[in-house]
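Q: using only what follows, build the 3D model:
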Amino acid sequence: MSGMFDLSGRLAVVTGASRGIGMAMAGALAQAGADVIGVSATMPGSGSAVAAAVEAHGRSFEARAVDFADRAAVVALGTELAERAPDVLVNNAGTIERAPAAEHPLESWDRVLQVDLSSQFVLTQLVARPMLERGRGKVIFTASLLSFQGGINVPGYTAAKSGIAGLTKALSNEWATHGVNVNAIAPGYIATDNTAALRADPDRSRSILERIPAGRWGRPADLAGATVFLASSASDYVDGIVLPVDGGWLGR
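A: Below you'll find the model as predicted:
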């Protein structure tokens, strides 16, 4: 059974890899045997925590610093990566802007949609081409609970993550027949930088915890198993799903 989850000899690209969920995903893929190219707007060329996490499992790590708000930079990255023909693409890069909808700055809306949705499509389109040519590959998006719900004060983020859920299904409909599995993971309330404002608000933090059947905030490491599953041959007949990893939030 363990062989179904073995990623030895595979090359994985993880965006948003410098910290939090992305770093945990990169480490999990390395533990399963994959070499990793980690991408982040703030990724240092060497000495990063994610590089150490990957190399601790005896796998190689390459760093790329790319701003996902910069369309040209994303195209250049995708073109380069397509030449490397990775086996796994994890689209985890993202940002969030909080403000009530009636006062939400349009520049915030534009930036979030660019980083969290448009750049995801641009990169995936380019990196998936060699996957389609060889008839094998794994694409994993990071969706959100707000792919299912509306959220509060995050209209751009909700729109983008709802779009990711739809994009996952649309690409799966076209690519499953070519052996490329496209799926998404929807993290619940995970203790990362993105949720720092919520965890710092006693009322919001309490109301969130009261709804989570597991009784705790999630940890980035909680995403490890789902990531390896969707990156491995264990998921070869899994297409177009948005898999919640949320401590039971959506089942409440």
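Q: switch to C-alpha atoms for all contacts and neighbour counts from now on
A: OK.
Q: all helices for this structure, in order.
A: Secondary structure of the chain (DSSP state H): helices located at 20-31, 49-55, 71-84, 106-113, 119-134, 155-175, 196-200, 202-211, 224-231.
Q: alpha carbons of the third one, as PDB, please.
A: Extracted as PDB, the C-alpha positions of helix 71-84 are listed here (Å, rounded to 0.1, in the frame of the first residue of the first chain):
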ATOM      1  CA  ARG A  71       1.600  38.600 -14.900                       C
ATOM      2  CA  ALA A  72       4.900  38.700 -17.000                       C
ATOM      3  CA  ALA A  73       6.800  37.100 -14.100                       C
ATOM      4  CA  VAL A  74       4.300  34.300 -13.800                       C
ATOM      5  CA  VAL A  75       4.400  33.600 -17.500                       C
ATOM      6  CA  ALA A  76       8.200  33.500 -17.400                       C
ATOM      7  CA  LEU A  77       8.100  31.100 -14.400                       C
ATOM      8  CA  GLY A  78       5.600  28.900 -16.200                       C
ATOM      9  CA  THR A  79       7.700  28.800 -19.400                       C
ATOM     10  CA  GLU A  80      10.800  27.800 -17.400                       C
ATOM     11  CA  LEU A  81       9.000  25.100 -15.400                       C
ATOM     12  CA  ALA A  82       7.300  23.600 -18.500                       C
ATOM     13  CA  GLU A  83      10.800  22.900 -19.800                       C
ATOM     14  CA  ARG A  84      11.500  21.000 -16.500                       C
END
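Q: so which elements touch it?
A: Counting contacts by 3 or more CA pairs under 8 Å, 6 or more residues apart in numbering; DSSP states H and E, the secondary-structure elements packed against helix 71-84 are helix 119-134.
Q: on that earlier part again, what's the most buried one of the helices of the chain?
A: Comparing the helices of the chain by mean neighbour count (mean count of other CA atoms under 10 Å), helix 20-31 ranks first with a mean of 26.
Q: who touches that one?
A: The contact list for helix 20-31 (CA atoms under 8 Å, 6 or more residues apart in numbering) reads 7, 12, 14-17, 35-36, 38, 49-50, 53-55, 57-59, 92-93, 192-193, 220-221, 223-225, 227-228.
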